[in-house]
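Student: For reference, the sequence and a predicted model appear below.
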Amino acid sequence: MKNARFSGWRFPLPGRLFLKIFLALWLAIGGLVYTVDYVVNALFQAEMQKSPDLSTGYRAELATMLVAVILQHDGLAETRQLFLEWSGRRPLPVLVVDEERGSDILGRMVPPLALAQAKEMLAGVAPSNAVHRVTDHDGRAHVLFVPLALLPATPPTQHVYQTPNSSRIEFLAMTLASFLFALGLAWYLLRPIRHLHEASQRFADGELQIRVAPLLGRRSDELVDLAHDFDEMAARLQATIDGKTRLLHDVSHELRSPLTRMQVALEMARQSPEKTGRMLDRIEHEVGRLDRILGETLALSRLEADPAELGDDCVNLVELLEDVVADTRFEAMQQGKKIELKAGGDIIVAGRPELLRSAFENVVRNGVLHTPAGATVTIELCKAAPMQRGERGEQKWVTLCVCDSGGGVPADELETIFEPFYRGRGVGNPGGHGLGLSIVRRAIEAHGGEVSAGEAPAGGLCVIFRLPVLQIESAGTPQR
């Protein structure tokens, strides 16, 4: 893997995606700021209309509550002392007005509208916790409230937190916040996208081994899923291209040998006319060999290119196997070999009967070819396959085992014998081209099944088919 050539993370500022994210965040934060600004101002104005001369906020409530407690428990003198000794940054803005005389205990000016509004609140017109009526030790009633006139000057159209530069501060704050959020989000999004972009370019340049997911670390999101999909696509394309390249190389090699022998036979016929008949026979043999190689190669190519067009024919697997055994048994008997079929009942599968027949016949003939004289090729159909749940619901499966009594195949070759033009090193394969089992696997996989190889109980090779079935009707398992 040449992942080292990937550049590290880059500053995402110049990217178009960053500008879009920045603009979207700026508008979102700006809209949020000014929406909150509008709502707070509307609430403040509503409060101002409710009590245009009094302060009824929580600070006013705390201040009036403090003075009311002192006045009620300690008397008028202690209340005056509280105002005189108050050490806060601002004086207590609470007026303590004698209800009978209408004067403040400290002689401060009493706004008549504020006093009238406070009395209305005490009368229950618009009650508020910021206005209190307290009777001192001498029995005199006092009204406690906070008039707006004693608070710091604030234009009635502004909120209490605004300053002359608040609009400019809000603009700068939301711009900075938008920039920082956009920068982080763009880096988070652009890093895997940039890796995918570079990987796709390198893949297009022929670096089929390139992968992206290992570069993204431990993050887990849709972009990582996209990277895994890219890696899976790249792996499949690499396997397909490598397979095609290997197939082209193998076909070229297989075609070169008979062509070379044909050229040698033609040259010998020219040099020795008396051998012309034999050389023509040799050329005919090689032409037939070329025809079989090309026919099998085309069949394999068609299966790999379009394996889905199988049709909806219902095939009785038992009857199909009986026909295959009947055809191959005659040839096996001439060589002193036996074929035994263990199957019964009706097992219905969907697909193309000629394609399934070709696959089974190929394996059975191959088993007969490698079985010594006097031995038996066993074909056993196992119908007791478990029912499994898949994408299409519950699916029944059937297993077919074709076992010969030959020399077998080494364990490390049990999978590679299904590759095109592969010939095992253990046992010769006279007349074969290494394409038969490849065609068998493609044909079975096209029917939704699978095929594998293993060691037979008698020491030979056992090819195992597994196919989905539509219907199974048992009728025993007679031996033929």
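Tutor: Received, thanks.

Student: before we move on, which element is the closest residue to residue 177 other than its chain neighbours in?
Tutor: Of all residues not flanking residue 177 in the chain, residue 29 sits nearest, at 5.8 Å (CB to CB, 6 or more residues apart in numbering). To be clear about C-beta, it is placed using only N, CA and C from the backbone, and glycine gets the same treatment. Residue 29 belongs to helix 16-50 when assigned by DSSP states H and E.

Student: and what of residue 96?
Tutor: strand 95-98.

Student: After that strand, which helix or strand is next?
Tutor: With elements assigned by DSSP H and E, the helix or strand that comes after strand 95-98 is helix 112-122.

Student: Checking residue 340 next. Helix, strand or coil?
Tutor: Under DSSP: H, G, I helix; E, B strand; the rest coil, residue 340 falls in the strand class.

Student: Let me know how buried it is, in neighbour terms.
Tutor: If you count neighbours by other CB atoms under 10 Å, residue 340 ends up with 14.

Student: Each with direction, which strands does the longest strand seen in the chain pair with?
Tutor: Secondary structure of the chain per DSSP state E: the longest strand is strand 393-403. Applying DSSP bridges to the sheet, strand 393-403 is found paired with strand 376-382 (antiparallel), strand 388-390 (antiparallel), strand 461-469 (antiparallel).

Student: Which of those sits closest to residue 189?
Tutor: strand 388-390 (36.7 Å; CB to CB).

Student: per-domain residue ranges of the chain.
Tutor: As assigned by automatic domain parsing, the chain contains the domains 3-49+160-204, 56-150, 222-305, 314-473.

Student: Now mean pLDDT and distance to residue 214 too, for these, in JSON lines please.
Tutor: Formatted as JSON lines, those follow (pLDDT from 0 to 100; distance: least, CB to CB, whole Å):
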{"stretch": "domain 3-49+160-204", "mean pLDDT": "68", "distance to residue 214": "7"}
{"stretch": "domain 56-150", "mean pLDDT": "87", "distance to residue 214": "58"}
{"stretch": "domain 222-305", "mean pLDDT": "78", "distance to residue 214": "9"}
{"stretch": "domain 314-473", "mean pLDDT": "78", "distance to residue 214": "27"}
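
Student: can these go into a markdown table with extra columns for distance to residue 216?
Tutor: Below are the domains of the chain laid out as a markdown table (distance: least, CB to CB, whole Å):
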| stretch | distance to residue 216 |
| --- | --- |
| domain 3-49+160-204 | 5 |
| domain 56-150 | 51 |
| domain 222-305 | 5 |
| domain 314-473 | 29 |
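
Student: thinking again about what came up before, could you dump the strand holding residue 96 to CSV, C-alpha only?
Tutor: Taking Å, rounded to 0.1, in the frame of the first residue of the first chain, the C-alpha atoms of strand 95-98 are listed here in CSV:
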residue,chain,number,x,y,z
LEU,A,95,-38.0,54.7,48.6
VAL,A,96,-39.6,54.2,52.0
VAL,A,97,-42.6,56.5,51.8
ASP,A,98,-44.9,57.4,54.8
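
Student: what pairs with the closest residue to residue 342 other than its chain neighbours across the strands?
Tutor: Nearest non-adjacent residue to residue 342, counting by CB to CB, 6+ apart: residue 380, 4.2 Å away. Counting by DSSP bridges, residue 380 forms beta bridges with residue 342, residue 401.

Student: Report the contact partners of residue 380.
Tutor: Listed by CB atoms under 8 Å, 6 or more residues apart in numbering, the contact partners of residue 380 are 342-343, 400-401, 403.

Student: Spit out the contact partners of residue 399.
Tutor: Contacts for residue 399 (CB under 8 Å, 6+ apart) come out as 381-382, 385, 464-466.

Student: Would you confirm that residue 61 contacts residue 130?
Tutor: Yes - between residue 61 and residue 130 there is a contact at 4.8 Å, judged by CB atoms under 8 Å.

Student: of the strands paired with strand 393-403, which approaches residue 418 most closely?
Tutor: Evaluated over these, closeness to residue 418 peaks at strand 461-469, with 9.5 Å, by CB to CB.

Student: can you list contacts of the closest one?
Tutor: Residues outside strand 461-469 that contact it (CB under 8 Å, 6+ apart) are 317, 347-349, 359-360, 363, 367, 370, 385, 395-404, 406, 408-409, 437, 440, 444, 447-456.

Student: which of those count as buried?
Tutor: Among the contacts of strand 461-469, the ones that count as buried by 16 or more other CB atoms under 10 Å are 317, 347, 349, 359-360, 363, 367, 370, 385, 396-398, 400-404, 406, 408-409, 437, 440, 444, 447-449, 451, 453, 456.

Student: on that earlier part again, and the contacts of residue 399, which is closest to residue 180?
Tutor: Closest approach to residue 180 among those (CB to CB): residue 466, at 58.7 Å.

Student: how close does the closest one get to residue 381?
Tutor: According to CB to CB, to the nearest Å, residue 466 and residue 381 sit 12 Å apart.

Student: Identify the contacts common to these two.
Tutor: Overlap of the contact sets of residue 466 and residue 381 (by CB under 8 Å, 6+ apart) consists of 398-400.

Student: closest to residue 265 among those?
Tutor: Within the shared contacts of residue 466 and residue 381, distances to residue 265 taken as CB to CB reach their minimum at residue 400, with 42.8 Å.

Student: and that closest one, how far is that from residue 337?
Tutor: Distance of residue 400 to residue 337, computed by CB to CB: 20 Å.

Student: try residue 460
Tutor: Look at residue 460 and residue 337: by CB to CB, they are 12 Å apart.

Student: Start and end of stretch 85-103, how far apart?
Tutor: Its first and final residues considered, stretch 85-103 spans 21 Å by CA to CA, to the nearest Å.

Student: Repeat that for stretch 334-343.
Tutor: End-to-end distance of stretch 334-343 (CA to CA): 24 Å.

Student: Could you pull out the buried residues of it?
Tutor: Buried residues in stretch 334-343, counted by 16+ other CB under 10 Å: 337-339, 341, 343.

Student: cool, stretch 200-207 as well?
Tutor: Applying 16+ other CB under 10 Å to stretch 200-207 flags 202-203 as buried.

Student: Using CSV, list the CA coordinates for it.
Tutor: What follows is stretch 200-207, C-alpha atoms only, in CSV (Å, rounded to 0.1, in the frame of the first residue of the first chain):
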residue,chain,number,x,y,z
SER,A,200,-9.6,8.1,-6.7
GLN,A,201,-7.1,10.0,-8.8
ARG,A,202,-4.3,7.5,-7.9
PHE,A,203,-6.6,4.6,-8.6
ALA,A,204,-7.5,6.1,-12.0
ASP,A,205,-3.7,6.3,-12.6
GLY,A,206,-3.3,2.6,-12.1
GLU,A,207,-2.5,2.3,-8.4
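
Student: any idea how far that stretch is from the chain center?
Tutor: 23 Å (CA atoms, centre = their mean, to the nearest Å).

Student: Give the next helix or strand downstream of the longest strand of the chain.
Tutor: Note on strand 393-403: by DSSP H and E, the next helix or strand toward the C-terminus is helix 436-446.

Student: returning to that earlier point: just to check, the residue nearest to residue 177 is in contact with residue 174?
Tutor: Yes - shown here, residue 29 and residue 174 form a contact pair, counting by CB under 8 Å, at 4.3 Å.

Student: Helix 436-446 and the helix ranked longest in the chain, what's the angle between them?
Tutor: Using DSSP state H to define each element, the chain has its longest helix at helix 222-271. Interaxial angle, helix 222-271 versus helix 436-446 (axes from the mean of the first three to the mean of the last three CA atoms, to 10 degrees): 150 degrees.
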